[in-house]
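Colleague: quick one: sequence plus predicted model below, questions after.
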Amino acid sequence: MGEVGTRGRSGGDPVGRTTAEIEASIAATRKQLAATLDEIAVRVHPSTVAAQAKAKAAAAVDRTAGRAYVAANRGMEQVRAQFVDAKGNPRMERIVPVAAVAAVAVVAVVALRRRK
């Protein structure tokens, strides 16, 4: 049996392999298959699936919290810009009316509570 490069029908290994070569190839394929099955078993195991779902949920919460933080920060900057100028000085023409409205609201709440 000469190994002159003749290939089998599938185009894979040479036709003239020895029994030992065939057995070694089968053993290697069996090991590969066992490793693949182990990997599949780990992927579909309930604890793995649960851990992946938990990680996805945590990532979604992190993204949402990050977006909320950015939106709140942007809102605070907009409010701050209403009461502080570009140099960081307070805008009294805006602060005084807001403080007056707040004081009137506090007085009204205190007056309503005293009536009861």
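Modeller: Structure's in. What do you need? Numbers count the residues shown, from 1 in each chain.
Colleague: roughly how far apart are T36 and V42?
Modeller: According to Cβ to Cβ, to the nearest Å, T36 stands 11 Å off from V42. (C-beta placed from N, C-alpha, C; glycine too.)
Colleague: no, scratch that, I was asking about I26
Modeller: Counting by Cβ to Cβ, the gap from I26 to V42 is 25 Å.
Colleague: same question for K56.
Modeller: 18 Å.
Colleague: low-confidence stretches in the protein?
Modeller: The chain contains residues with pLDDT under 70 at 1-14.
Colleague: secondary structure element holding the residue nearest to the spatial centre of it?
Modeller: The centre of the chain sits closest to A59, judged by Cα atoms, centre = their mean, with a distance of 2.9 Å. For A59, the host element (DSSP states H and E) is helix 46-83.
Colleague: pull the CA atoms of the following helix or strand past that helix into PDB?
Modeller: Proceeding N to C from helix 46-83, the next assigned helix or strand is helix 92-115, under DSSP H and E. The C-alpha coordinates for helix 92-115 follow below in PDB (Å, rounded to 0.1, in the frame of the first residue of the first chain):
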ATOM      1  CA  MET A  92     -29.200  88.400  41.500                       C
ATOM      2  CA  GLU A  93     -31.900  89.500  39.100                       C
ATOM      3  CA  ARG A  94     -33.000  85.900  38.900                       C
ATOM      4  CA  ILE A  95     -32.100  84.700  42.400                       C
ATOM      5  CA  VAL A  96     -34.100  87.300  44.300                       C
ATOM      6  CA  PRO A  97     -37.500  86.600  42.700                       C
ATOM      7  CA  VAL A  98     -37.000  82.800  43.200                       C
ATOM      8  CA  ALA A  99     -36.000  83.300  46.800                       C
ATOM      9  CA  ALA A 100     -39.000  85.600  47.400                       C
ATOM     10  CA  VAL A 101     -41.400  83.000  45.900                       C
ATOM     11  CA  ALA A 102     -39.800  80.300  48.100                       C
ATOM     12  CA  ALA A 103     -40.200  82.400  51.200                       C
ATOM     13  CA  VAL A 104     -43.900  83.100  50.400                       C
ATOM     14  CA  ALA A 105     -44.400  79.400  49.900                       C
ATOM     15  CA  VAL A 106     -42.800  78.600  53.300                       C
ATOM     16  CA  VAL A 107     -44.900  81.200  55.100                       C
ATOM     17  CA  ALA A 108     -48.000  79.800  53.500                       C
ATOM     18  CA  VAL A 109     -47.200  76.300  54.600                       C
ATOM     19  CA  VAL A 110     -46.500  77.400  58.100                       C
ATOM     20  CA  ALA A 111     -49.700  79.400  58.200                       C
ATOM     21  CA  LEU A 112     -51.800  76.500  57.000                       C
ATOM     22  CA  ARG A 113     -50.200  74.200  59.600                       C
ATOM     23  CA  ARG A 114     -50.900  76.600  62.400                       C
ATOM     24  CA  ARG A 115     -54.600  76.800  61.500                       C
END
